[in-house]
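Asker: following is a predicted model, sequence given first.
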Amino acid sequence: MPVGSAVVIVSHKHRFVFVKTRKTAGTSIEAFLSLHAGDDAIVTPLHEDDDVAGHEPRNWKRLFNPIPEMLSGGALGARAAASDLRRRRAFWNHMPASQIRARIGKGTWDDYFTFCFERDPWEKVVSFYYWQTKNRTARGDRPDFEKWALQRPLPSDWAQYTIDGDVAVDFVGRYESLADDLRTALDRVGLDVPIDLPRVKGQYRSAEDPVELTDRVDARIAKVFAREIAAFGYLDRSAGPAESEATTETGS
C-alpha cells in the first residue's frame with residue numbers, strides 16, 4: 001500500500017488521540033501536533049507529495065495484538081488483522097476509530113482525550129472535488145462537477161470517528177472555527193503552545209472558477225451526509241427555504 005495521509009496521532013505524553021478526517025485541515029493539524037506529541041507518540045507518514053518541515057513519522061510500524069479484531073470483525077476482519085500483523089503495520093491510512101481503539105487498547109482509548117474535526121458537507125465536497133481533480137485541472141480536462149459529484153464516492157468520514165453508529169470521540173471540532181476549536185482541544189490535554197498550522201493542500205480550489213451546486217448535487221450530498229447533518233446541525237441545502245430555516249433553528 002502506498003504511503004498516504006496519516007490518519008491518527010496517539011500522544012502518550014499528552015494523553016490524546018487525534019483522528020484525521022478529509023478536507024478539514026487534517027494534514028496541517030497532524031503536522032502541527034506531531035511536533036508536540038512526544039518521542040513515543042504514534043505518528044504515521046504524510047502523503048508522499050507533502051513536505052512539512054519538522055514532521056517526523058514514528059512508531060507506526062510494530063507488532064500488535066490482533067485478537068480483538070479477529071473476534072469482532074468476522075472472517076474479513078481476521079484476515080485484515082493477520083495481514084497487517086505480518087507486515088507489522090499497526091496504523092495505516094484512513095483507519096477507523098474502531099480499529100484504532102482495538103490496536104491501542106480500549107482502556108487507553110477510553111482514558112485518553114479523543115478528537116477530530118468535521119466540515120460543512122457542501123464545502124467539504126467542493127474542496128474534495130478540487131483536490132481529486134487537481135492534476136486534470138492543470139491539464140485543462142477537469143470533469144464537470146455535477147457529473148463527478150453524482151458518480152464518485154463523496155468524502156463522508158462518519159465511519160472514521162464513530163463506532164456502531166455512535167460518535168466515539170470526546171470532541172468534534174468544526175473546520176469553520178478551526179483555531180478556536182483546536183485551542184479547546186489543546187487546553188483539554190494541557191498543551192499550552194501557540195497554534196501555528198502549516199498550510200498544506202489548500203492551494204487547489206479556484207475562486208475564479210467556482211462550481212455549480214445543482215438541485216441534483218444538493219440532494220445527493222444531503223443523502224450521503226445525512227448523519228453528519230443530523231448530528232452537527234449543518235444546514236441542509238437541499239431543503240426548501242422554510243425547511244432549511246427550521247432545520248437551522250432546531251439544530252436537527
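Answerer: All right, it came through fine. Residues are numbered from 1 along each chain as shown.

Asker: what does stretch 133-151 rub up against?
Answerer: 125-126, 129-130, 132, 204, 206, 211-212, 214, 216-217, 220-221 (Cβ atoms under 8 Å, 6 or more residues apart in numbering). Heads up, the C-betas are built off the backbone N, CA and C, glycines and all.

Asker: chain center to stretch 14-33, what's the gap?
Answerer: 8 Å (Cα atoms, centre = their mean, to the nearest Å).

Asker: remind me which residues of the stretch 101-250 of the chain are low pLDDT?
Answerer: Applying pLDDT under 70 to the stretch 101-250 of the chain flags residues 137-138, 200-209, 240-250.

Asker: okay, strands next: where are they in it?
Answerer: Per DSSP state E, counting those that start in this stretch, the stretch 101-250 of the chain carries strands over the ranges 113-118, 162-163, 166-167, 171-174.

Asker: how many neighbours does D111 have?
Answerer: Per other Cβ atoms under 10 Å, the neighbour tally for D111 reads 11.

Asker: pick out the most distant pair among the contacts of stretch 133-151.
Answerer: Spatial extent of the contacts of stretch 133-151 (Cβ to Cβ) is set by the pair Y204 and R216 at 24.0 Å.

Asker: in terms of neighbours, single out the busier of those two.
Answerer: Y204 (15 against 12).

Asker: want to try CSV for the strands of the stretch 101-250 of the chain, with distance to T21 and mean neighbour count as columns?
Answerer: Converted to CSV, the strands of the stretch 101-250 of the chain look like this (distance: least, Cβ to Cβ, whole Å; neighbours: other Cβ atoms under 10 Å):
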stretch, distance to T21, mean neighbour count
strand 113-118, 5, 24
strand 162-163, 11, 16
strand 166-167, 12, 12
strand 171-174, 9, 18
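
Asker: save these as JSON lines, and put in distance to A149 too.
Answerer: Below are the strands of the stretch 101-250 of the chain laid out as JSON lines (distance: least, Cβ to Cβ, whole Å):
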{"stretch": "strand 113-118", "distance to A149": "19"}
{"stretch": "strand 162-163", "distance to A149": "23"}
{"stretch": "strand 166-167", "distance to A149": "26"}
{"stretch": "strand 171-174", "distance to A149": "23"}
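
Asker: does N65 sit in a helix or strand, and which one?
Answerer: Using DSSP states H and E, N65 maps to neither a helix nor a strand.

Asker: can you check the pLDDT for it?
Answerer: Looking at N65, its pLDDT reads 84.

Asker: now do the same contact list for it.
Answerer: Applying Cβ under 8 Å, 6+ apart, we find N65 in contact with R103.

Asker: ok, D215 next?
Answerer: Neighbour list for D215: S238 [criterion: Cβ under 8 Å, 6+ apart].

Asker: and it, how far from V193?
Answerer: 46 Å (Cβ to Cβ, to the nearest Å).

Asker: determine the longest helix present in this protein.
Answerer: The longest helix of the chain (DSSP state H) is helix 74-87.

Asker: other SSEs contacting that helix?
Answerer: Applying 3 or more Cβ pairs under 8 Å, 6 or more residues apart in numbering; DSSP states H and E, one finds that helix 74-87 contacts helix 67-72.

Asker: and the helix it packs on, what does it pack onto?
Answerer: Helix 67-72 packs on helix 74-87, helix 97-104, going by 3+ Cβ pairs under 8 Å, 6+ apart.

Asker: in that helix, what's buried?
Answerer: Buried residues in helix 67-72, counted by 16 or more other Cβ atoms under 10 Å: 68-70.

Asker: many thanks, I have nothing further to ask.
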